Every structure is written in structure tokens, then in C-alpha cells.
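1. Make a model of this:
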Amino acid sequence: MPAISNYTYSEITIGQTATYSKLIEERDVQLFAAVSGDVNPVHLDAEFAATTQFKNRIAHGMLSGAVISAAIAMELPGPGTIYLGQTLRFRAPVELDDTITVKLEVVDKKDKRNFVTLECKVYNQHDKLVVSGSAEVMAPKEKISLQAPVLPTVHIGD
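-> As a prediction, this is how the structure comes out:
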């Protein structure tokens with residue numbers, strides 16, 4: 001199992017960056033629909049999606065938001081971070097089989113409460129900006145280093 005660790009508030013600097021990538025697969029869209037209840041046919045029905053401006057099925061916008069959350073939880077600041085808020089602007093669709101890369105940059109720190117503001121940009125494999133926004137988090141005070149938990153096995157059924 002890989003080890004994961006965090007950056008404490010005192011270790012974080014303005015301008016610090018991190019990246020996190022994920023391949024968006026059919027399984028991800030199916031699981032996100034099941035967990036969120038968002039069964040918009042543009043995400044799940046190829047025939048319907050063909051009649052839309054996108055011409056193909058697209059991933060849920062908030063699935064990209066969830067990948068931003070993973071980047072914050074796993075990379076910067078990392079484990080122990082508390083999410084306080086997020087703004088997002090969806091700039092282009094994320095399609096199935098796109099690899100998206102979240103790029104985080106620390107743009108502000110508030111010492112009184114250990115708050116950190118991160119600029120969040122998400123690009124597809126063609127380096128096209130698909131999502132932009134910012135997140136405010138409470139960075140951990142204590143250093144954490146541990147084995148990454150194994151993702152649970154989930155089966156999708158009809």
C-alpha cells in the first residue's frame with residue numbers, strides 16, 4: 001500500500017502547487033449517478049446524449065468537483081484537511097475516457113484559523129481547461145503519514 005502524508009499549515013507557502021489525475025471511466029459515471037441520484041440522461045443514455053449539443057455522453061460536472069476534493073484530500077494539504085467551501089465554473093464537458101488533471105495552487109493563507117485558499121483548475125488530456133474555481137480549506141496542524149486505505153470494492157448491478 002502506498003503511504004500518504006500531508007502538509008501542515010505551517011509548511012504551506014503561497015504559490016505552492018500540486019497535481020492529481022484521474023481517468024474518468026464508465027464505472028465512475030455509473031457510481032456517481034447511483035450515489036448522487038443524478039440520473040440526467042446526458043450522463044447515462046447515449047441515444048439521448050446524441051441529440052444534445054455535446055453529441056456524446058458527458059460526465060457529471062460535480063464528478064470533476066469530487067476529483068478536486070480528492071486532490072485536496074490526497075495531495076495539498078492532504079489527509080486531515082477540512083473542506084470549508086468551493087466555487088466552480090464548468091468551462092467544457094468532461095467526456096468518458098478523458099483523463100482529467102487537477103492543478104492546485106495556494107493563493108492565500110489566514111493564520112488566525114489555519115485557512116488556506118487554493119486556486120483549482122482542471123484540464124483534460126488535451127490540456128483544455130474544463131473546470132476552474134477556488135477552494136477554502138482548514139489545513140491540518142499536525143503532520144500525518146500513514147498507509148493509504150484500500151478503496152472499497154463496489155459492484156454495479158442492474
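
2. Show me what the lengthiest helix in the chain is packed against.
-> Looking across the chain with DSSP state H, the single longest helix is helix 61-74. Under the contact criterion of 3 or more C-beta pairs under 8 Å, 6 or more residues apart in numbering; DSSP states H and E, the helices and strands touching helix 61-74 comprise strand 17-23, helix 26-36, strand 82-90, strand 99-110, strand 115-123, strand 129-138. For every residue, glycine as well, the C-beta is placed using N, CA and C.

3. need the ones you listed in CSV with mean pLDDT and distance to residue 67, can you?
-> Conversion of the helices and strands packed on helix 61-74 to CSV gives the following (pLDDT from 0 to 100; distance: least, C-beta to C-beta, whole Å):
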stretch, mean pLDDT, distance to residue 67
strand 17-23, 98, 5
helix 26-36, 96, 9
strand 82-90, 98, 11
strand 99-110, 98, 6
strand 115-123, 98, 7
strand 129-138, 98, 9
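
4. Out of the ones you listed, which is closest to residue 47?
-> When these are compared for distance to residue 47 using C-beta to C-beta, the nearest one is helix 26-36, at 15.6 Å.

5. Other residues contacting the very next helix or strand once past that closest one?
-> Scanning forward in sequence from helix 26-36, with DSSP states H and E defining helices and strands, the next element found is helix 41-44. Judged by C-beta atoms under 8 Å, 6 or more residues apart in numbering, the contacts made with helix 41-44 from elsewhere in the structure are 29-30, 33, 48-49, 52, 54, 57-60.
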